[in-house]
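Q: quick one, what's the 3D model for this:
(2 chains)
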Number of protein chains: 2
Amino acid sequence: MSILVVGSMAFDSVKTPFGEVTEALGGSANYFSAAASFFTPVRLVAVVGRDFPESHLDFLRSRGVDLRGLERAPGKTFRWAGEYGYALNEAKTLDTQLNVFADFAPKIPEDYRDSEVVFLANIDPDLQREVLRQVRKPALVAADTMNYWITGKPEALKRTLAAVDMLIINDAETRQLAGEPNLVQAARIIRAWGPKVLVIKRGEYGALLYNDGEWFAAPAFPIEVVRDPTGAGDCFAGGCVGYLARAMRFDDITVRKAMILGSVMASFNVEAFSLDRLRTLTTAEIEARFRAFRRLCHFEELEPRATEVG
Amino acid sequence: MSILVVGSMAFDSVKTPFGEVTEALGGSANYFSAAASFFTPVRLVAVVGRDFPESHLDFLRSRGVDLRGLERAPGKTFRWAGEYGYALNEAKTLDTQLNVFADFAPKIPEDYRDSEVVFLANIDPDLQREVLRQVRKPALVAADTMNYWITGKPEALKRTLAAVDMLIINDAETRQLAGEPNLVQAARIIRAWGPKVLVIKRGEYGALLYNDGEWFAAPAFPIEVVRDPTGAGDCFAGGCVGYLARAMRFDDITVRKAMILGSVMASFNVEAFSLDRLRTLTTAEIEARFRAFRRLCHFEELEPRATEVG
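A: Residues are numbered from 1 along each chain as shown, chains lettered A, B, ... in the order given. As a prediction, this is how the structure comes out:
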């Protein structure tokens, strides 16, 4: 089934120990759509400025992403500049210019309102709820958020969480949102606010799934050259929610596979700057890396009497 | 088969958000032996001072640990004091008093020299080699080290590594030792110095295994109350190497199971201060948690055409 994604389109200027790019194509809606498009049709709602080149949309179009919900507003496109050291888990933000994104008021096209799966990327929680008001009856609502909203709009965020089935955030955000340093206890607190499924992203350490009381741990794939971690979290969400929209089953077995496919998409994305790696990615490569994840995680049952000292 | 372990016995004074202990039983040889003793007989070589109460050895004795190699030296026992905040992955060392450990010169009793498996805990790499000089022909030599030796005695450490089959260190030490921030590349560099098997401990994020070119990722178990992380790494090593000594097979399938048993032992140890949790631990609990690790890590194969956009 089609996914509706609402998020940002951006120009990212990124420096890592392996190179740098200036005003490369970025933004959560962009990364999410590209990754999800390998699994299911995607409908995008976002805003760009007058300075956004038409050619930047060619890749998403080539992946079949429906761009009728992309608004062009007077002004400049959202810009972000950041830098990573060798500790690639942590970005240092150098500059943020919201530009047209500051006044983003998502308008869901009539044709998108029947979307069965909705992904609310990291935007103002009031806008996230405004999106949900405009859609009919999605079978799955997944959402991201960030420390800025957790600190600045905790009550609005909680109202949004009440309508979210699956929350996909990082470990620091999990602790901050719950006000609890222990992840097991934090997950239980957040569960009580609404989301049946909590996905905790931990960057190079993988991701944890808390699915109504059951835990699943997905490792990150050991990557030899991580050139640019930007967008890894959104690619993870794209692979994960994209696969769920394709399967249209949300049982634990399916969600676990979705977590691994999210990890697969993130693992490819970090191999190059911007979303360049996704431009050449093939389904055969995705399937091969899924199988590599199976080998990465596999261990056998304990034989009888393994703990009997001989 | 019996394991010979050479390391420290200490009094640890530890403060965490969940409580504190003063001069509790600690030290790498102590934690390692207690954990390994659930799988195989253990022979301990370490030094304590005159102030070390005989009763502190009752637990290791009750677990069948052979203490004939424990030396009593004139002076005080090694003392360590540390503190953990809510980020339980990082200890802040408040005080270190080496005392009798400063002059530790491990003497391997004649009866220990035929040990088939040797674990060299974190001691001076020259002493680690001195231990190996005194044993006959172990089938497996596993070792730990730390930033202090990586910085202070890099050449001595490399000579030791040439004689080590399995190196068990944390991720920061891996990067520092190899002089390479990327773990995949760092593992390859360290492999070239000797150890066929590299185990990279990552605390609350689990552990990675690099076994002659193949990777395996073991998660940490989600624990609701981590009271004291002290000794988790040594309990991991104890469970891991203890199981290998029991199996006396070092193929990839066996080493993967050993990694999980290491994670199992570490996950129990952090539930209480000192090694108190191991005092009440049963083999039934170990086996149950191993099965819980299987559920934690399990995901199914990808069905055909999962990446065909419908």
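Q: now A:Ala163. Nearest residue, chain neighbours left out?
A: Nearest residue to A:Ala163, sequence neighbours excluded (C-beta to C-beta, 6 or more residues apart in numbering or on different chains): A:Leu132, at 5.4 Å. Backbone N, C-alpha and C define where each C-beta goes, glycine included.
Q: Three-state assignment for the one you found, please.
A: Using DSSP: H, G, I helix; E, B strand; the rest coil, the structure places A:Leu132 in helix.
Q: how many neighbours does it have?
A: 18 (other C-beta atoms under 10 Å in any protein chain shown).
Q: who touches A:Arg68 in this structure?
A: If a contact means C-beta atoms under 8 Å, 6 or more residues apart in numbering or on different chains, then A:Arg68 has A:43, A:109, A:111-112 as its contacts.
Q: an error on my part: the question was meant for A:Asp66.
A: A:Asp66 touches A:2, A:41-44, A:112, counting by C-beta under 8 Å, 6+ apart.
Q: next one: A:Glu180
A: So A:Glu180 contacts A:186, A:189 (C-beta under 8 Å, 6+ apart).
Q: could you do A:Ala247 as well?
A: Taking C-beta under 8 Å, 6+ apart as the test, what A:Ala247 contacts is A:254, A:257-258.
Q: which one of the residues you listed has the most neighbours?
A: A:Ala258 (28 neighbours).
Q: quickly find the element holding it.
A: helix A:252-269 (DSSP states H and E).
Q: so is the helix or strand just after that helix next to chain B?
A: Going down the chain from helix A:252-269, the next helix or strand is helix A:276-280, by DSSP H and E. No - Helix A:276-280 lies out of reach of chain B by C-beta under 8 Å from any C-beta of the partner chain, never closer than 12.9 Å.
Q: now swap in stretch A:295-307 and tell me
A: Yes - interface with chain B: stretch A:295-307 contributes A:295-302, A:306-307 (C-beta under 8 Å from any C-beta).
Q: now, which of those lie within helices?
A: In helices, defined here by DSSP state H, the members of these are A:295-297.
Q: just the residues you listed now: which is nearest B:Ala218?
A: Nearest to B:Ala218 out of those is A:Cys297 (C-beta to C-beta; 8.8 Å).
Q: re the thing from before, which of the contacts of A:Asp66 has the most neighbours?
A: A:Val42 (31 neighbours).
Q: just to revisit the earlier point, ok, the contacts of A:Ala247 vs chain B, which is closest?
A: Closest to chain B out of the contacts of A:Ala247 is A:Lys257 (5.6 Å), distances taken as C-beta to the nearest C-beta.
Q: would you check that the closest one makes contact with B:Thr307?
A: No - under the criterion of C-beta atoms under 8 Å, A:Lys257 is not in contact with B:Thr307, lying 11.7 Å apart.
Q: picking up where we left off before, buried residues in the helix holding A:Ala258?
A: Residues of helix A:252-269 classed as buried: A:252, A:254-269 (neighbour count, 16 or more other C-beta atoms under 10 Å in any protein chain shown).
Q: one more: stretch A:8-22?
A: A:8-16, A:21.
Q: what lies in contact with it?
A: A:23-30, A:46-48, A:52, A:70, A:77-86, A:88, A:94-95, A:101, A:104, A:121-123, A:225-230, A:273-274, B:181.
Q: hmm, which of these are the buried ones?
A: A:23-30, A:46-48, A:52, A:70, A:77-82, A:84, A:88, A:101, A:104, A:121-123, A:226-230, A:273-274, B:181.
Q: pick out whichever of the ones in helices among the residues of stretch A:295-307 next to chain B sits closest to B:Asp144.
A: Among these, and counting by C-beta to C-beta, the member closest to B:Asp144 is A:Leu296, at 24.1 Å.
Q: any idea which of the contacts of A:Arg68 is closest to B:Arg289?
A: Nearest member of those to B:Arg289, counting by C-beta to C-beta, is A:Arg43, at 44.5 Å.
Q: who are the neighbours in contact with that closest one?
A: A:2-5, A:65-66, A:68-69, A:109, A:111-112, A:115 are the contacts of A:Arg43 under C-beta under 8 Å, 6+ apart.
Q: kindly recompute the last result at 10 Å.
A: Contacts for A:Arg43 (C-beta atoms under 10 Å, 6 or more residues apart in numbering or on different chains) come out as A:2-6, A:33, A:65-69, A:108-109, A:111-112, A:115, A:117-118.
Q: so it, which state does it fall into?
A: Applying three-state DSSP: A:Arg43 is strand.
Q: before I go, just wanted to say thanks for your time.
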